[in-house]
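> Pasting the sequence and the predicted model now:
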Amino acid sequence: MIKTALLSGTCIALMASAAGAEIKVGFIGSLSSDTGLSTLRGAEIAVEELNANGGVMGEQITLVSADTGQDPTEGIRAYEYLAETEEVDFIISGSIDDVSLGWLPRMQEYRIPTLDTWTSYIGIIDMVVEDPDSMAPYFMNIASDEALATLYINFGADVLKEKMGWDSVVILAEDTAFGEAITGLVTEALAPVAGIEVKEIITYDVATVDFAPIFSRAQDTGADFIYQVSSVNSQVVSSQYVKLQVPMAMTGVNVAALGMEYWEDTGGAGGGISTLSPVPSVGFRLDPASQEFVDTYQAKYDSRPLLPHFNGFNAYHGLKQAMAAAEEAGGFDNVEGWAEAMKKQDLVLELDGQLWLRYAFWGDDEVEPVTGRTYPHNIRFDLSEPFDDAAPSMVVVQWYEDGTAAVVYPEKYATGEFTLPSWVKQ
Amino acid sequence: MLQILIQGLLLSGLYALIAMGFTLIFSIGRVLNLAYGAYLMVGGYMYFWVSQTLGMPKLMGVAVAALLGVLMGVLKYRLIVKTLKGDHVAVEISTLILAVVIQAGIVLVFGDSSKILLPIVPGVINVAGASVTYNILIATLISWAILLGLYAFVRLTHTGRAMQAVSMDAKGAAISGIDPDRINLITWGISGALGALGGVFFASYTQLSPSMWVAPLIISVAVVIVGGIGSIIGTLVVAHIVGFLEVIVVATLAPELRGVFTMLLIIGVLVTRPQGLFGREEL
């Protein structure tokens, strides 16, 4: 009922201000998750601003929503609904990896220009490399997980190995496409690049609610720290780590910790955990344009998420870029023309006179120097200091035991120090 | 090994508390109360609302949850079970539907995102390398105390002996002057309270979510099937079998297989010993 009301509310509110509109944008994602709502709200604000400035190609924009419930099957239905019933011109997605993988074949079939703001699965970029024609409508404006993992490995080498002196890790990973991808990338690189041995990989079901025996097993490996990969129900593993005062540090990827509601969601049992995060993250210094977006967001919405997740920023800037590309290409019908125009989009956001964030895409044949591969249709990112070509693919966010959070890596973006929980001995 | 023993004991105590209310109803009313998991869910959420949202004392949260459990049990018996007059299939289907309706109500009131309960008793101790929270330790001790109290109640009180009589032969009990309707009402009330209390401890150990009623229901069904229509002691024993099985599987094999062996145990018992390991016993 809530979802229906939200859906109706979104449609009514936006359609009321856009009578006679001809450009229809579809949102696909979970309407009950902070992740999905971040993308939806970012898109809503972008649409309102564009409409206030005369729309696109003289036409107003409407926004309709389709709920995936974070379920791949529902995601396919949602995409079909947007394509067949709503006949949208463009789709903006706040889907999680498994859901995007579900509807991708539909996107190839309907050929609707689509921008993913949350999914980071490198396998999708590989599909663009292998089959550029059928993947022409697809863009991803979050750094792919390979880029996330690559920079995280640097964090492993610079901080976990060099500063903390840790030599070994046990990986706790949920059984999802996201978990498998991140685990594979981290496992392959930690030992050769950072000199950290992976003692064991413990995979658990996403429905797991009792982590006590899993943490015991992790301790038994004798590893120096835990690397967690969790995108579903992440607050459970975090809160049990804190409640059990597991005597090992825990870092990694914890999606629940990416939002300001993390502290409330863990009942205050979330301190001492660090997670990699795409940018902008919690504890991240914002450039003036991004701050203005946050101010507008907070004036407009008084329910969670009170601060948009990174994908809210991606949706806000990405939707505007998609519309600008449509203007250049004469609309969305010419998918190849739109895709070419999309590749030319380049928004540089500066803070203190230096590049801070950048919304642009890699060229089709452009090789990223650190990984030595191409990332067509993926947002441009930078994997090495001084991050003067683009923003880093990720930052590491530390949640402290007093409920505050800060960026602790890389140094250019740091607003705090990497610390251990009070119950963990160095 | 000692870690497995400790964690197995703690988890099993919780499972025994969870399963006891379900077993009571099945033993006396011969009904699989598939809304039983919803008692746990409502108990957990009520505790959350009273103690964390309203900021009232935790004990009051526990008491309010238990009282609400009693009320739910009594209302369910009066409005559904008694009305359907022994049509077990109809009762089971209606209780399952009721659980889904309650879940929808929880989503409406509290939203569908998971919530973490503050521990009822904060703190942690390390026992033989295993981190043990005071919360689960207290939950286990209370679970044992409740089960022993229930055992004493059934064995030593007039009402308890009447419950035993109804569980063995409702008609015979009625001829002896026992009011089976009253006994059933009391049993549903006790079951509701046990479920709600189990929910408070289960949620404080794991999390609150609108789908949290499913796992405890499966545990309860497993205990009834594996144990047989049961005794309190039988429930305690089987809860420990299930609890230890889960901990051992997670610690030595793979966390993903946690519930699989419990399911295999259910199938195995159904095939080889349909009456359950402990057969048909009086309460």
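Done, it's in.
> which residues are contacting the lowest-mean-pLDDT helix or strand in chain B?
Lowest mean confidence among the helices and strands of chain B (mean pLDDT, DSSP states H and E): strand B:130-133, at a mean of 79. By C-beta atoms under 8 Å, 6 or more residues apart in numbering or on different chains, the surrounding residues in contact with strand B:130-133 are A:212, A:215-216, A:243-247, B:2-3, B:6-7, B:10, B:119, B:123-126. Bear in mind the C-beta positions are built from the backbone N, C-alpha and C, glycine included.
> And the buried ones among those, selectable in PyMOL?
Buried members of these, defined by 16 or more other C-beta atoms under 10 Å in any protein chain shown, are picked up in PyMOL with:
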select buried, (chain A and resi 212+215+216+243+244+245+246) or (chain B and resi 3+6+7+10+119+124)
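> Excluding sequence neighbours, find me the nearest residue to residue A:386.
Spatially, and ignoring its direct neighbours in sequence, residue A:386 is nearest to residue A:412 (6.4 Å; C-beta to C-beta, 6 or more residues apart in numbering or on different chains).
> what secondary structure does the residue nearest the centre of chain A sit in?
Against the mean C-alpha coordinate of chain A, by C-alpha atoms, centre = their mean, the closest residue is residue A:118 at 3.7 Å. At residue A:118 the chain is in coil, as set by DSSP: H, G, I helix; E, B strand; the rest coil.
> What ranges in the chain fall below the confidence cut-off?
Using chain A. Residue ranges of chain A with pLDDT under 70: A:1-21.
> sorry, should have said chain B
Checking chain B against pLDDT under 70 turns up B:229-230, B:279-283.
> any chance you could map the strands in it?
Using DSSP state E, the strands of chain B run over residues B:124-127, B:130-133.
> who does the first one pair up with?
Taking DSSP bridges as the criterion, strand B:124-127 forms sheet pairs with strand B:130-133 (antiparallel).
> Tell me the gap between the strand it pairs with and the middle of its chain.
23 Å (C-alpha atoms, centre = their mean, to the nearest Å).
> CA-only coordinates of that strand in PDB, if you can.
What follows is strand B:130-133, C-alpha atoms only, in PDB (Å, rounded to 0.1, in the frame of the first residue of the first chain):
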ATOM      1  CA  ALA B 130      33.900 -17.700  22.100                       C
ATOM      2  CA  SER B 131      32.300 -14.300  22.500                       C
ATOM      3  CA  VAL B 132      29.100 -14.600  24.500                       C
ATOM      4  CA  THR B 133      26.800 -11.600  25.000                       C
END
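> looking at the strands of chain B, which is closest to residue A:378?
strand B:130-133 (41.2 Å; C-beta to C-beta).
> how about the residues of the stretch 51-200 of chain B near chain A?
Taking C-beta under 8 Å from any C-beta of the partner chain as the measure of proximity, the stretch 51-200 of chain B contacts chain A at B:52, B:107-108, B:111-119, B:124, B:126, B:129-131, B:133, B:135-136.
> again, only this time at 7 Å
Contact residues, the stretch 51-200 of chain B versus chain A (C-beta under 7 Å from any C-beta of the partner chain): B:108, B:112, B:114-119, B:124, B:129-131, B:133.
> Residue B:245 contacts residue B:262, correct?
Yes: contact between residue B:245 and residue B:262 holds when scored by C-beta atoms under 7 Å: they sit 6.0 Å apart.
> sorry, back to before: now the strands of chain B in a markdown table, with distance to residue A:313?
As requested, these are exported to a markdown table (distance: least, C-beta to C-beta, whole Å):
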| stretch | distance to residue A:313 |
| --- | --- |
| strand B:124-127 | 38 |
| strand B:130-133 | 38 |
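> Of those, which is nearest residue A:371?
strand B:130-133 (38.9 Å).
> Mind listing what's buried along the closest one?
B:130, B:131, B:132, B:133.
> These into a markdown table, with extra columns for distance to residue A:135?
Shown next, in a markdown table, are the buried residues of strand B:130-133 (distance: C-beta to C-beta, whole Å):
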| residue | distance to residue A:135 |
| --- | --- |
| B:130 | 50 |
| B:131 | 47 |
| B:132 | 52 |
| B:133 | 49 |
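> Against residue A:104, how distant is residue A:112?
Distance of residue A:112 to residue A:104, computed by C-beta to C-beta, to the nearest Å: 12 Å.
> The two - which one has more neighbours?
Shown here are residue A:112 and residue A:104; by other C-beta atoms under 10 Å in any protein chain shown, residue A:104 has more neighbours (24 against 21).
> Can you give me every residue that contacts that one?
residue A:124 (C-beta atoms under 7 Å, 6 or more residues apart in numbering or on different chains).
> one more time with 10 Å
By C-beta atoms under 10 Å, 6 or more residues apart in numbering or on different chains, the contact set of residue A:104 is A:75-76, A:79, A:95, A:114, A:116, A:119, A:121, A:123-124, A:127, A:134-135, A:138.
> got it, and residue A:87?
Contacts of residue A:87 (C-beta under 10 Å, 6+ apart): A:24, A:26, A:64, A:110, A:112.
> just checking, the second one is part of a strand?
Going back to what we said before, that points to residue A:26. Yes: counting by three-state DSSP, residue A:26 is located in a strand.
> List, one by one, the residues from the stretch 101-250 of chain A near chain B.
A:172, A:174-175, A:202-217, A:219-220, A:232-236, A:238-247 (C-beta under 10 Å from any C-beta of the partner chain).
> Buried ones from those, can you make that a ChimeraX selection?
With 16+ other C-beta under 10 Å as the criterion, this ChimeraX line picks the buried residues out of these:
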select /A:172,174,175,202,203,204,205,207,208,209,210,211,212,213,214,215,216,217,219,232,233,234,235,236,238,239,240,241,242,243,244,245,246
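> ok, which stretches of chain B are helices?
B:2-29, B:36-47, B:58-76, B:82-84, B:88-110, B:134-156, B:158-168, B:170-175, B:180-205, B:214-227, B:232-248, B:260-272 (DSSP state H).
> what sits against the residue nearest to the centre of chain A?
A:29-30, A:33, A:35-36, A:38-39, A:93-97, A:99-100, A:140-142, A:231, A:255, A:278, A:309-312, A:314-315.
> Get me the contact residues on the stretch 301-426 of chain A for chain B.
So the stretch 301-426 of chain A meets chain B at A:303, A:304, A:423 (C-beta under 10 Å from any C-beta).
> okay, and the common contacts of residue B:245 and residue B:262?
Jointly contacting residue B:245 and residue B:262 under the rule C-beta under 10 Å, 6+ apart are residue B:222.
> State the distance from the residue in chain B sticking out farthest from the centre to chain A.
For chain B, the residue at maximal distance from the C-alpha centroid (C-alpha atoms, centre = their mean) is residue B:175, at 31.3 Å. Applying C-beta to the nearest C-beta, to the nearest Å, the value for residue B:175 to chain A is 47 Å.
> Go ahead and confirm that residue touches residue B:166.
No: the pair residue B:175 / residue B:166 is not scored as a contact, 11.8 Å apart, by C-beta atoms under 10 Å.
> Thank you kindly, that will do.
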